[in-house]
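Colleague: the sequence and its predicted three-dimensional model are supplied below.
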Amino acid sequence: MAAQRIEKLNSLRTILNEMEQVAIAFSGGVDSTFLAYFAAETLGPEKVLAVTAVAPNFADDEISYAKEVAERLGIKHELVQVDLPELFWQNPKDRCYHCKKAVFGQIIETIATEKVLAIMKSLPPADTEDSPAAMRPLEAGDIPVFCDGQNKDDESDYRPGSIAAKELGVRSPLHEAGLTKAEIRETLHEMGIEIWNKPAFACLASRIPYDTQITEGKLHAIYDIELMLRENGFTQVRARIHGDIIRLELLPEEMSLLTDNRTLCETLNHKAAEHNYSYVTLDIMGYKMGNLNNVI
């Protein structure tokens, strides 16, 4: 292992030790799994809570996968149902800011409320009905530090959600330690953790161009098409919506797997028609992360 990466991992452990206990925004992806693994190793699994938001813009199978990964890591896992703000559905260019502010805000509130209630429940009963047991002052470490999986590379993409995270006091230990995506994947690979090469998976709303209304119907269509492709062996897929067209982005080396499979093409077209889309097209340039951010 390279000396520079070892230094960064030691820095990560120092950062986590200072936090005492953590709650992690957990998608089951590479970054949040890496953070959860090191947090459990550093602090002990009893000091780590993985929290996954449940909302229309998060894929159902990814939520289920997050639950499985947390179980394999031996850490507590909680699902939090969140309400998305109206500005999310309007889809302005800073959509991610409004979404993350709402999602993280609701998660933080839920965690804090649960911890306070747990402390109150642990108090001895009151001597009389008129004299309830006193609530002890909250101490450092009572409420876990809420963290996300942002890494150093995320600086290079348009991420207004990171502004919301900072405003809410969310910590980003991987970013603070200077760890890049490549270093994270490489470390997971060396540790034999199978998720090391899991493809990136973004919020379903990222498939819809800015300033175009988001609807649950569009999100369902995106999910159904992408799920069908993943179930047929495609590793990195995006189904982006443009009017009545669904534009598919695949890895260049996997494009022929679709074009040579007439049955799958017809099935995809039929599925799109079920969602009231007239055409399914294949982008000849292939998959590109943050493709719709080019307009910004």
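Modeller: Arrived safely, thanks for sending. Numbering: from 1, shown residues only.

Colleague: moving C-terminal of the one helix or strand in the chain whose mean pLDDT sits lowest, what's the next helix or strand?
Modeller: Counting by mean pLDDT, DSSP states H and E, the chain has its least confident helix or strand at helix 95-122, which shows a mean of 85. Tracing the chain C-terminally past helix 95-122 and defining elements by DSSP states H and E, one meets strand 145-147 next.

Colleague: give me the residues contacting that following strand.
Modeller: 19-25, 35, 39, 104, 107-108, 111, 168-173 (C-beta atoms under 8 Å, 6 or more residues apart in numbering). Quick note: C-beta positions are derived from backbone N, CA and C, even for glycine.

Colleague: buried among those? Need that as a selection in ChimeraX.
Modeller: Filtering those down to the buried ones (16 or more other C-beta atoms under 10 Å) takes a single ChimeraX command:
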select :19,21,22,23,24,25,35,39,104,107,108,111,170,171,172,173
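
Colleague: just the ones in strands from the contacts of strand 145-147, please.
Modeller: Val22, Ala23, Ile24, Ala25 (DSSP state E).

Colleague: so the last one is in contact with Ile107, correct?
Modeller: Yes: shown here, Ala25 and Ile107 form a contact pair, counting by C-beta atoms under 8 Å, at 6.9 Å.

Colleague: common neighbours of the two, please.
Modeller: Counting by C-beta under 8 Å, 6+ apart, the shared contacts of Ala25 and Ile107 are Val51, Ala53, Phe146.

Colleague: quick one: contacts for the first one?
Modeller: Residues touching Val51, when contacts are defined by C-beta under 8 Å, 6+ apart, comprise Ala23, Ile24, Ala25, Phe26, His77, Glu78, Leu79, Val80, Ile107, Thr110, Ile111.

Colleague: and it, which of the three is it?
Modeller: Counting by DSSP: H, G, I helix; E, B strand; the rest coil, the backbone at Val51 sits in strand.

Colleague: and it, how far from Gly149?
Modeller: Using C-beta to C-beta, to the nearest Å, Val51 is found at 12 Å from Gly149.

Colleague: thinking again about what came up before, closest to Arg72 among the ones in strands among the contacts of strand 145-147?
Modeller: Arg72 has its nearest neighbour among the ones in strands among the contacts of strand 145-147 in Ile24, at 14.9 Å by C-beta to C-beta.

Colleague: so where's the chain shaky on pLDDT?
Modeller: 1, 115-117, 119-141, 290-296 (pLDDT under 70).

Colleague: what helix or strand is Ile241 located in?
Modeller: strand 237-242.
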